[in-house]
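Peer 1: any chance you can model this:
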Amino acid sequence: MTESHPRISKAVIPAAGLGTRFLPATKATPKEMLPVVDKPAIQYVVEEAASAGLDDVLMITGRNKRPLEDHFDRNYELESALQKKGDAGRLAKVQESSDLATMHYVRQGDPKGLGHAVLCAAPHVGHEPFAVLLGDDLIDPRDPLLARMVEVQEQHGGSVIALMEVAPEQIHLYGCAAVEPTGEGDLVKVTGLVEKPDATDAPSNYAIIGRYVLDPHIFDILR
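Peer 2: Below you'll find the predicted structure:
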């Protein structure tokens with residue numbers, strides 16, 4: 001019988017980066033607030049967490065990230081104006097972002113990288129497994145990737161990372177995983193990780209993408 005593990009309910013979204021790759025668009029606007037079609041990129045990430053049953057979201061922010069908090073807060077003045085105009089469609093869209101999940105925020109302070117940003121979540125996460133979602137990778141809403149990762153972690157424990165097959169000549173752009181088959185379809189065992197290897201040295205063509213479900217022991221390693 002497979003050992004049962006606690007239900008995962010918390011997601012951590014690191015969002016403290018400066019967005020220098022998107023300058024000048026991000027000079028005064030956080031990169032996470034840049035629109036993708038009709039919504040800011042960050043909303044897709046929070047929607048993904050909520051769809052996977054993660055209704056407690058901690059965002060790791062930094063300076064000039066206040067618009068992120070405002071976006072997921074209620075805007076009563078705007079809602080009232082739309083209500084008076086009878087614009088139910090836009091009113092629903094405005095309210096949608098504030099109803100997705102219970103949002104929390106903590107500032108990273110010093111820009112010490114992704115590992116440090118995740119460590120900032122330790123007081124909030126405590127001793128529970130949790131998900132980390134990077135906003136640089138947007139996942140198609142029709143893909144139940146995160147829900148499947150949560151399922152795997154709850155069944156097997158440990159930490160789960162998302163992998164994507166890429167062309168061998170592209171693997172040098174990514175972190176790369178050495179893997180062994182498990183006999184369980186879409187699930188492999190990771191035996192090693194290599195950051196941006198040369199194609200000739202890469203242990204596979206499985207690239208690491210920005211979705212993780214982590215055991216809380218990761219905090220001891222990060223410290």
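Peer 1: residues contacting residue 203?
Peer 2: 176-179, 192, 194, 197 (Cβ atoms under 8 Å, 6 or more residues apart in numbering). Quick note: C-beta positions are derived from backbone N, CA and C, even for glycine.
Peer 1: what about it, distance to residue 168?
Peer 2: 11 Å (Cβ to Cβ, to the nearest Å).
Peer 1: and what of residue 102?
Peer 2: 43 Å.
Peer 1: same check on residue 124?
Peer 2: From residue 124 to residue 168 the distance is 40 Å (Cβ to Cβ).
Peer 1: for the residue most central in space within the chain, list each beta-bridge partner.
Peer 2: Residue closest to the average C-alpha location in the chain (Cα atoms, centre = their mean): residue 133, at 1.0 Å. Beta-bridge partners for residue 133, by DSSP bridges, are residue 211.
Peer 1: tell me how the protein divides into domains.
Peer 2: The chain is divided into the following domains under automatic domain parsing: 10-156+210-222, 167-204.
Peer 1: just say which of those domains is most tucked in.
Peer 2: domain 10-156+210-222 (a mean of 17; mean count of other Cβ atoms under 10 Å).
Peer 1: show me the helices in the chain, by range?
Peer 2: Along the chain, counting by DSSP state H, helices occupy 41-51, 66-71, 76-85, 88-96, 114-119, 122-125, 145-156, 218-222.
Peer 1: would you format the ones you listed as CSV with mean pLDDT included?
Peer 2: Formatted as CSV, these follow (pLDDT from 0 to 100):
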stretch, mean pLDDT
helix 41-51, 94
helix 66-71, 90
helix 76-85, 88
helix 88-96, 86
helix 114-119, 94
helix 122-125, 95
helix 145-156, 93
helix 218-222, 95
